[in-house]
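# how would this look folded up:
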Amino acid sequence: MRIGTILGHGRPFHELASEAADYESAGLDSATLGEAYSFDAVSQLGYLAARTSRIELATGILALDARTPATLAMTAAGLDYVSEGRFRLGIGASGPQVVEGFHGAPFGGAVGKTRETIEICRTVWRREPLRHRGRHYNVPLPADRGTGLGKPLKLINHLVRPDIPISIAALGDQMVELTAELAQGWEPIFFHPEKMHEVWGEALQRGSAKRDPALDELNIIVRLPFAIVEDTAPWLDRARPQLALYIGGMGRGNATSTTRWRAVTDSPTRRRRSRICSWPDVMPKPRPRFPTNSSAPPRSSARRPTSRNASRCWTNSVSDCSTSYRWHPSTPSGSLRSKPFAP
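Numbers count the residues shown, from 1 in each chain. Next up is the predicted model:
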């Protein structure tokens, strides 16, 4: 199992970069940065590449409709170049509020767009002249839609590696199946390993049956809030707003996500916890940034970790954490196994 962290938004980035470097010295394996409609993740990861030397750097995620597939391919190749082969491209559909409300693009066709984007990226990374005819993307642009002067081009630069790993944020059956077929990594949000086979087992098996053996086993990337405290109640309260946002507030395009979450939480051991998903219980009540009955200091006064005190610092502040497993389809139900980190 690998341990990573998800970098947040709002704090000065040089502070986050310094902490990431200290965590790297303490054994951290990866650092992931999302985007949504904040500052772009790419420029910040480029800065982080210069401040670190070993950890994997990843996007979690870049929305498919925010960039053309060729731009995604160039961006991933550039980040892999400046990080000397440490980058992972995390992509996903995002949601209609971000795609249509911020990028002005129609939301939909996620499965087809993802498949075509991966095909285009890997063609670019192989430095082959880019020719693609698909339902969603056509490169070069057909003559009747432009000047007719476009011609197939290949990437000018030689890459650090032609097989930059791709991970996909996926919850629906078709997208999970596609992920198991084509991607190196899968990023399911709000993931409980003990319910994986019940909810996604068939989709994973179908995708694994079509998987190219050269891709190796599917890497499962799980993110979760993490804190070491005596009293868990106030920290569970801190998880409610994000759950409510993703499950109840991301627009009707996330109906599948809501259904999946209910399936995962429908067990005696999970029903009590699933109450934190209740939208009316969450949004009208502002939550303090740090629970008042916790011993954790405000983040602004917490000690910045060094290689000497990083583990101690993790025990007195909350952090987003990610872990990494591998999916093994060798049995009818599949299995999970920890994966050692290899930069």
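# what's the distance between the residue nearest to the spatial centre of the chain and T232?
Against the mean C-alpha coordinate of the chain, by CA atoms, centre = their mean, the closest residue is G60 at 3.1 Å. As for G60, its distance to T232 is 26 Å (criterion: CB to CB, to the nearest Å). All C-beta atoms are positioned from the backbone trio N, CA, C, and that covers glycine.
# re earlier: which non-adjacent residue is nearest the residue nearest to the centre of the chain?
Spatial nearest neighbour of G60, chain neighbours left out: T32 (3.9 Å); criterion: CB to CB, 6 or more residues apart in numbering.
# over to H158?
Nearest residue to H158, sequence neighbours excluded (CB to CB, 6+ apart): R127, at 7.2 Å.
# and that neighbour, what does it touch?
Residues in contact with R127, defined by CB atoms under 8 Å, 6 or more residues apart in numbering, are K154, L155, H158, L159, P162.
# that one belongs to a strand?
No: counting by DSSP: H, G, I helix; E, B strand; the rest coil, R127 is located in no strand; its state is coil.
# do I have it right that V176 meets Q205?
No: contact status for V176 versus Q205: not in contact, 10.4 Å apart, counting by CB atoms under 8 Å.
# those two: which is more packed in?
It is V176, of V176 and Q205, that has more neighbours when counted by other CB atoms under 10 Å, with 23 against 17.
# quick check: pLDDT value at the nearest residue to that one once chain neighbours are set aside.
Leaving aside its sequence neighbours, V176 sits nearest to A203 (CB to CB, 6+ apart; 4.2 Å). According to the prediction, A203 has pLDDT 98.
# ok, A203 touching A180?
Yes: assessed by CB under 8 Å, A203 is found in contact with A180 at 7.0 Å.
# show me where this protein has helices.
13-25, 41-51, 69-82, 96-101, 110-125, 173-182, 196-209, 233-248, 255-265, 268-274, 279-282, 310-314 (DSSP state H).
# turn those helices into a markdown table, including distance to F226.
Shown next, in a markdown table, are these (distance: least, CB to CB, whole Å):
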| stretch | distance to F226 |
| --- | --- |
| helix 13-25 | 12 |
| helix 41-51 | 20 |
| helix 69-82 | 26 |
| helix 96-101 | 26 |
| helix 110-125 | 29 |
| helix 173-182 | 24 |
| helix 196-209 | 20 |
| helix 233-248 | 10 |
| helix 255-265 | 19 |
| helix 268-274 | 16 |
| helix 279-282 | 20 |
| helix 310-314 | 8 |
